[in-house]
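Asker: sequence and predicted structure below; questions after.
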Amino acid sequence: MTGISLSSAAPSVDSIQTAYMAQVHRRRLYGGLTLLIFVILMVSGFHVADDRNAGGFWEGLHQIGDYPADVLSEAWEKRADLPALMVKYFPALVETINIAAVSTLIGAIGGLFLSLLGTRGLAKWPRLIPLFRRISDVMRAVPEIVIALVLIFVLGGGPVPAMIAIAIHTAGALAKLFSEVSENTDLKAVEGLTSTGATWFQRMLLGVLPQVAPNYVSYTLLRFEINIRASAILGFVGAGGLGYELRNSMAWGPGRFDEAAAIFILLFGTIVFFDQVSSRYRNRLTEGQGQ
Amino acid sequence: QEINEFRIGILGGENAQDRMNSYQCLADYTTEALGVETKLFAPADYNGVIQGLLGGTIDMAWLGASAYAATYLQDPSVVEPVLIKVNVDGSVGYHSIGFARVDSGVTSLDDMEGKVFGFGDPNSTSGYLIPSIEIPQYKDGITMESGAYFGEVRFTGGHEQTIVAVSNGDIDAGVTWADGQGNWEDGYNSGALRKAVDAGLVDMNDMVQIWKSNVIPEGPVVLRTALPDDVKATMTALVDGLHERDADCAYGVAAGDTLGFQPVTHEMYESIVAARQAVIGN
Amino acid sequence: MLQIDTLTKRFGDKTAVDAANISVNKPAMIGIIGRSGAGKSTLLRMVNRLSDATSGTITFEGEDITALRGAAKRDWQSRCAMIFQQFNLVPRMDVVSNVLHGTLNKRSTFATMFNLYPQADIHRAIEILDRLGIAEQAPKRAEALSGGQQQRVAIARALMQDPKIILADEPIASLDPMNAQVVMQSLRTIHEEDGRMVIANLHTLDTARRYCNRVIGMRDGRIVFDGSPAQLTTGVARDIYGAGADFSEAATSTEIETLDRPEVREAEAYA
Amino acid sequence: MLQIDTLTKRFGDKTAVDAANISVNKPAMIGIIGRSGAGKSTLLRMVNRLSDATSGTITFEGEDITALRGAAKRDWQSRCAMIFQQFNLVPRMDVVSNVLHGTLNKRSTFATMFNLYPQADIHRAIEILDRLGIAEQAPKRAEALSGGQQQRVAIARALMQDPKIILADEPIASLDPMNAQVVMQSLRTIHEEDGRMVIANLHTLDTARRYCNRVIGMRDGRIVFDGSPAQLTTGVARDIYGAGADFSEAATSTEIETLDRPEVREAEAYA
Amino acid sequence: MTAAELHDTKLAAEKLFQRKRIIGFGIPAVIAVYLTYIFFAFDLPGLAERANLDNAVTLASDSWSHKVHVTRDNRSGEITYAVEGERKGTYPDGMRPAWVSGDEVTTIDLGGDHFVRYLPDNRTEIDIPGFPLITAQAEGRLVTTNLPDDLPDWISATDRRVGITTPEGRITLTGARTEVFNYFPGWELFWFTLDSPYHGQGLGTILFGEQLDPNRGNIAGAVSDWWNNAMWRHKDVAWAIGETVLMAFLGTMGGAIIALPLAFLAAKRFSPVMLLRAATRRLFDFVRGVDALIWTVVLARAFGPGPLTGALAILITDTGTFGKIFSEALENVDQKQIEGVSSTGANPLQRYRFGVIPQVVPVLLAQILYFLESNTRSATIIGAITGGGIGLMLTQAIQTQKDWEEVAYYIILIIAMVMFMDWFSGWLRGKLIGRKD
Ligand SMILES: Nc1ncnc2c1ncn2[C@@H]1O[C@H](COP(=O)(O)OP(=O)(O)OP(=O)(O)O)[C@@H](O)[C@H]1O
Ligand SMILES: Nc1ncnc2c1ncn2[C@@H]1O[C@H](COP(=O)(O)OP(=O)(O)OP(=O)(O)O)[C@@H](O)[C@H]1O
Ligand SMILES: [Mg+2]
Ligand SMILES: [Mg+2]
């Protein structure tokens, strides 16, 4: 084979074959081991969970529809009341959405600063980058429920503890997503502004934000979606809103299942609604920028 | 018919792990008596235990009267009451206590017009069911609808939360349970107030009693009906004899000093069942 | 051995290939030229059965290819390898695995699911890679290779199929002149040494002239030229490309050394 | 007016600029040449205070530039505009806004936040754009412009700063010859008409010769030549670029019409 | 450009800036209006009133300190010493803290020259510097004292109850009991409870010293006593964390395993039947929209409380989320690779295996591992409602509001757990997919 055979001084085919076969065997071994470990973890994990659960998986499986059936049959019987009940609980829904909206707003602003201060090339105090990163790591790691419960103790019940708790977690989570975007910003524009004598704030506002805004908004919307759920969940532990009403009506059981159903419809509808709207809007925001 | 494990559900009132610890001795005796593994479960609220009993995933629990009624109303055949706790003075009841902060100026339900009133768990007898029936009887015009007589009626989630909410001023008054024996300044002999005082959470000098219910029957120890008869018999005897066998263990299980347990039947709770049906509907 | 008879492909209104007739009697190296959209890819894809013909037939050694279904169709595909402009390798898998994909049709589904290939196949794959001068790349991921190397991996995959026919759809369009030469030379060598039929879509005239012993020109789905490279005059080329008098052959050139053109052998090979 | 005194910049072991001395007494158009890595960019960035000097001083009209901090530093930057090879505009913003960024140092953060630029500034921005022949582009996004237009926007931003000195770091390196000529001509006009000092890094000799009245040559961080374009013989250039005898000036050329070179005026302008 | 054109351009530019200003002011204005509305809707003015700073102080100080109760039962005259006043922290008979002395008269040294003396006949003396000596006598339900009428605000007194709070400690007197609380920094009994022979022993002694318990080796004994510590219950805490991680692991992996085949049904490329595709997508939307929390409640009837229920709830929700993400990933696969594999005569399964799976695996793995971390947080919350695990321990510890040091302990553990899972999933991602993709 003239002209293209470049394998003159290279290792012989035999040694390549041997080396490759060794690699194949190693890969099969590791692959097999990984699979084995995973299967063992899954199976044994399932057994531990099954064992530590009150009811077993197989015994419970056929009853899975009992509870929804109870709720649905009662709700169906009293279906005429549902619209009125939904109106009754609408203010609670508004509160839940408000909690999500404010905490997303505050969290996004916090996340914005944390990410700018924690990104190489943009940070105002480059030495403090690790500090701001750790801060956002910790804020992200704390589950909302932890802060909410502590704040309920200090501030009393109501929407504010939930709002603060979700905002803190949101700031941490968004800071991470935002930094991934801002790490890829084009620093040329920032340098251009620096050369005119712009302050840090002006550089961020005019040089960075216009570049990252679409991605930031898209992530914020995604977070809003998540926060609606979070805000409903925190209601379960006393932070007000729809979650609180849902927990009570479910606790009462039969007799109030129509209320549970009404609240559930409100909550489900809201989640699906915002989910659809935001995912449509997010697609629009990010599709324009082919990379 | 065989069972291969025995599952005991524990109602709220204490730290989940403290509850588990208090019941561990009972679990050990059960394992010994039945020869099967015994597991303890402490769900976050009353409803967790009720669902467990209904779904057949919990075999025994010591319920509140209203929680028993809730279970009974959803499925009368699923559990049967077997025992009831006897107080030191031989009585088998306790009270729902309405209370407020001294500095709030509230001294009776008359002062509560337009103010915020707090219940505990919706499935609690003293924290919701009985007060929601008896308080409106206090005088004409009181209802438990938010915005009617009271400015707002709220559920705090449990007895502890009610006490904290009152002492924080989140709510103007609330209801919780106490045996009604002993002194107010100690938080009575037993009950949620006493526990809060013991924990240094509240100073009873800052609190004032504004209402007290009639005697409420203690909740029953229930067993799942579907359990084999010999298991039911063994467990009834075990709990019944617990006080004689191991007073410390009985103290933990019954959350305080008692004279032990005595047999009880469904009839004892018929009025509570009726009350619950009236309030919550079925 | 290969007969293409009034083969037609329509996409909606658009006739991509319009009653094409080609007949090949012995293994040849055939270049198909024509401008973008002429229907070259569509034709090759129908031969490999990646897409179905609207009408017409393809017959190979007496067997009606267009009628094959299911396993028989896949068996045909394994005998008729295809090379793509964008290489169409699995970038995250190593080179040898990519080459071994050429044996998928012969091995049991179960074994392949777990990447269990016989050792003999693995050895052969590396030998083929060696023949193409890229054996040292064997354990690397395909995506780590240069374009020219990737295309050689694709050729190795094709050879692994041990095919009667190799179809190549603009195999050098994404490559720089240096790599283009290596790849075309490889195809030529395979044709000469193994006696396999090679049909290559090419978008440059001089490549077709240099490496092929038969050239087919397409324009708007129709075959407008079929002859030896020598018959491919500038006038004919203008015709094929539909260009005006300003058409300069060099405009389509990708050659490095346009002077050193080897003799076109077997120019008389086509029927 | 501008004195650079034993200015040095080290990155770790690497000395990017090595004890550079430059003294300019009156506004001149100065070209700095040298091959890649010679330290040209580093030198300019220190003058604009985009990076700090390791040692040495820069003095402008008696003021020690290297010692400035915070607001005083930013004030200096506003008097000393910089133009970059990659234009360094804000791509997603419109052209006028980009030009108005030249006034940032004079405006409060609050005002810039709400786009509260005075009407006079907006008018002036348009006038500057007009002077550079791109007023029609005013409402477009910067990224929608061609490279040459973007560089003229960058020059407009610099003019908006009304600076004493304009620094230009290879302003034409990313441009095609046609646009390069327009941009260099603009810089030259600004120097001549406004009397501003222009210091431009250039990587091609002929551009420096054509537009500048003083040329500084750098090699490995040191200033190895400082004189008039006329003094810049091929021998000297070889020295600067460290090239062998095969060095041909044309190799660095970006000119379109190398013949039509205007007379270099004010060649005696440097100290 | 002519003068007229230039003028027009200027006008146009002015208009442009006017528009920008409207947006520039408009967005902050809308936000400000909304926040004002929230300010009143959430009753922030009232919050200052409702906020209880004492609670904050209790929380902050209690979380790093502990108290020891010295209690005299005024009926029996018996004195007990207990850490945090708990049974399991009670000093065994014959043992008492070093700052308590005396037999007839029990003197409690609170530090800073504050002394409390339990005298016979239920009398008590409280000696606080800068304040006259307080004497008190408990009789029946009453407490009589020599306290003056106008009291400083750190003393609250009625004839039935007296409470004194000083920086050194707290004293309460009622007819039934006299109690002193002495505060110390640190988490007492964290390693060993009082009944363990290893309590108060240094690490050196335990590792290298002589055998403290005749029946057990030092290290084995110490580890076992620490593990079974009744006060801090390290064993239960470890199990709870294990359960929480288990819920997240089973839920995430199970969800992914179920979602993968379903995602093919929902992806346009692989599922030609429109109806089936739409049905699968709606199913994903439904299980996702219901939310893990509600699934937990629904499943509690069938499976009862416990980690399996939590895991199944996460599994169901994640099936929806993964289904959506996976099917999007599948729709974006590069056709070239599939075609390359098809052209060799591969059958459909082989096509998926080599044309599709290698492409989507990095995306899927990255998502799965990301969710593993985020589900650890969800599992904490779900646990608080039904499952159990560390979430339940935390919520109950907070709701019963007495053991703030335990709350602090749980919070630290939870944060450490989530950060560990974050690090671990990142590490695994790096191992499996390669740092850069
Ligand atoms: N899947 C398809 N759907 C609709 N039209 C198609 C499709 N594939 C190809 N065509 C059309 O068929 C015609 C022939 O396309 P084909 O790709 O075969 O041309 P080609 O000669 O290979 O061109 P190129 O050099 O650009 O690859 C073109 O007009 C193309 O737009
Ligand atoms: N931030 C930095 N960190 C480390 N070394 C640097 C840095 N910036 C520049 N250098 C080094 O300093 C030397 C001078 O770089 P400089 O960019 O000034 O050269 P230049 O003459 O502008 O070259 P070019 O024509 O490539 O722009 C180079 O060797 C470069 O590698
Ligand atoms: Mg094509
Ligand atoms: Mg440079």
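Answerer: Sure, I can see it. Ligands and ions are numbered 1, 2, ... in the order given.

Asker: C-alpha only now, for contacts and for neighbours.
Answerer: Fine.

Asker: mind listing the strands for the stretch 1-150 of chain B?
Answerer: B:5-9, B:37-41, B:60-62, B:79-86, B:93-101, B:116-119 (DSSP state E, counting those that start in this stretch).

Asker: so which of the ones you listed is nearest residue E:271?
Answerer: Ranking the strands of the stretch 1-150 of chain B by proximity to residue E:271 (Cα to Cα) places strand B:37-41 first, at 45.3 Å.

Asker: got the CA positions of that closest one in CSV?
Answerer: Extracted C-alpha coordinates of strand B:37-41, given in CSV (Å, rounded to 0.1, in the frame of the first residue of the first chain):
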residue,chain,number,x,y,z
GLU,B,37,-39.7,-9.4,64.8
THR,B,38,-41.4,-6.2,66.1
LYS,B,39,-41.0,-2.9,64.4
LEU,B,40,-41.9,0.6,65.7
PHE,B,41,-43.1,3.4,63.4
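
Asker: wait, does that strand contact chain E?
Answerer: Yes - with Cα under 8 Å from any Cα of the partner chain as the measure, strand B:37-41 is seen reaching chain E through residue B:41.

Asker: can you give me the buried ones in that strand?
Answerer: Residues of strand B:37-41 classed as buried by neighbour count (16 or more other Cα atoms under 10 Å in any protein chain shown): B:38-41.

Asker: tell me the gap between it and the middle of its chain.
Answerer: 21 Å (Cα atoms, centre = their mean, to the nearest Å).

Asker: which elements pack onto it?
Answerer: Packed against strand B:37-41 by the contact rule (3 or more Cα pairs under 8 Å, 6 or more residues apart in numbering or on different chains; DSSP states H and E) you find strand B:5-9, helix B:16-34.

Asker: SS state for residue B:221?
Answerer: What DSSP: H, G, I helix; E, B strand; the rest coil gives for residue B:221 is strand.

Asker: thinking again about what came up before, worst average pLDDT in the helices and strands packed on strand B:37-41?
Answerer: Ranked on mean pLDDT, the bottom entry among the helices and strands packed on strand B:37-41 is helix B:16-34, at a mean of 82.

Asker: before we move on, the earlier item: can you list the strands of the stretch 1-150 of chain B in CSV and add distance to residue D:67?
Answerer: Converted to CSV, the strands of the stretch 1-150 of chain B look like this (distance: least, Cα to Cα, whole Å):
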stretch, distance to residue D:67
strand B:5-9, 75
strand B:37-41, 71
strand B:60-62, 79
strand B:79-86, 85
strand B:93-101, 66
strand B:116-119, 66
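
Asker: show me where the stretch 151-282 of chain B has its strands.
Answerer: B:152-155, B:173-178, B:207-212, B:216-217, B:220-224, B:260-263.

Asker: quick check: residue E:368 touching residue E:254?
Answerer: No - checked against Cα atoms under 8 Å, the pair residue E:368 and residue E:254 is beyond contact range at 10.4 Å.

Asker: do stretch B:217-225 and chain E come into contact?
Answerer: No - with Cα under 8 Å from any Cα as the criterion, chain E is not reached by stretch B:217-225; the gap is at least 13.9 Å.

Asker: that stretch and chain A in contact?
Answerer: No - judged by Cα under 8 Å from any Cα, stretch B:217-225 stays clear of chain A, getting no closer than 13.7 Å.

Asker: checking the residue of chain A found nearest ligand 2 next. Helix, strand or coil?
Answerer: Nearest residue of chain A to ligand 2 (Cα to the nearest ligand atom) works out as residue A:121 at 11.5 Å. Under three-state DSSP, residue A:121 falls in the coil class.

Asker: chain neighbours aside, what residue packs nearest to it?
Answerer: residue A:187 (7.3 Å; Cα to Cα, 6 or more residues apart in numbering or on different chains).

Asker: you'd agree the one you found is up against residue A:123?
Answerer: No - Residue A:187 lies out of contact with residue A:123 (Cα under 8 Å); the separation is 11.9 Å.

Asker: tell me the helix or strand right after the longest helix along chain A.
Answerer: Assignment by DSSP state H gives helix A:13-52 as the longest helix of chain A. Using DSSP states H and E, the helix or strand that follows helix A:13-52 towards the C-terminus is helix A:57-61.

Asker: where does chain E get nearest to chain C, residue-wise?
Answerer: residue E:345 (4.0 Å; Cα to the nearest Cα).

Asker: need the contact list for that residue.
Answerer: When contacts are counted by Cα atoms under 8 Å, 6 or more residues apart in numbering or on different chains, residue E:345 touches C:73-78, C:104-105.

Asker: tell me the contacts of residue E:119?
Answerer: E:104-106, E:125.

Asker: actually residue B:202, sorry about that
Answerer: Going by Cα under 8 Å, 6+ apart, the list of residues near residue B:202 reads B:167, B:196.

Asker: look up phi and psi at it.
Answerer: Main-chain torsions, residue B:202, degrees, to the nearest 10: phi -130, psi 160.

Asker: state the pLDDT value of it.
Answerer: 79.

Asker: same check on the one 3 residues further on?
Answerer: Note on residue B:205: pLDDT of 79.

Asker: ditto for the one 3 residues further on
Answerer: Looking at residue B:208, its pLDDT reads 91.

Asker: skipping its backbone neighbours, what lies nearest the residue of chain E closest to chain C in space?
Answerer: residue C:74 (4.0 Å).

Asker: would residue C:105 count as being in a helix?
Answerer: No - Residue C:105 is assigned coil when assessed by three-state DSSP, not a helix.

Asker: write out the residues of the stretch 151-282 of chain B neighbouring chain D.
Answerer: Residues of the stretch 151-282 of chain B lying near chain D (Cα under 8 Å from any Cα): none found.

Asker: show me where the stretch 151-282 of chain B has its helices.
Answerer: For the stretch 151-282 of chain B, the helices defined by DSSP state H, counting those that start in this stretch occupy B:159-168, B:192-198, B:229-240, B:242-245, B:247-253, B:270-280.

Asker: now for the residue nearest to residue A:121, how many residues are close by?
Answerer: 17 (other Cα atoms under 10 Å in any protein chain shown).

Asker: and it, how close does it get to chain C?
Answerer: As for residue A:187, its distance to chain C is 29 Å (criterion: Cα to the nearest Cα, to the nearest Å).

Asker: for chain D, what's its nearest residue on the stretch 51-200 of chain C.
Answerer: Closest point on the stretch 51-200 of chain C to chain D, by Cα to the nearest Cα, is residue C:176, at 23.6 Å.

Asker: how many neighbouring residues does that residue have?
Answerer: The burial count for residue C:176: 14, using other Cα under 10 Å.

Asker: what do you get for residue A:195?
Answerer: 27.

Asker: who's in contact with it?
Answerer: So residue A:195 contacts D:48-50, D:77-78, D:81-82 (Cα under 8 Å, 6+ apart).

Asker: pLDDT score assigned to it?
Answerer: For residue A:195, the pLDDT comes out at 89.

Asker: gap between the residue of chain B found nearest ligand 1 and ligand 2?
Answerer: Nearest residue of chain B to ligand 1, counting by Cα to the nearest ligand atom: residue B:55, 56.8 Å away. For residue B:55, the distance to ligand 2 (Cα to the nearest ligand atom, to the nearest Å) stands at 68 Å.

Asker: isn't that residue up against residue E:305?
Answerer: No - taking contacts as Cα under 8 Å, residue B:55 lies outside contact range of residue E:305: 10.4 Å.

Asker: ok, those two, which is more surrounded?
Answerer: residue E:305 (33 against 22).

Asker: wait, is the more buried one part of a strand?
Answerer: No - assessed with three-state DSSP, residue E:305 is coil; it does not lie in a strand.
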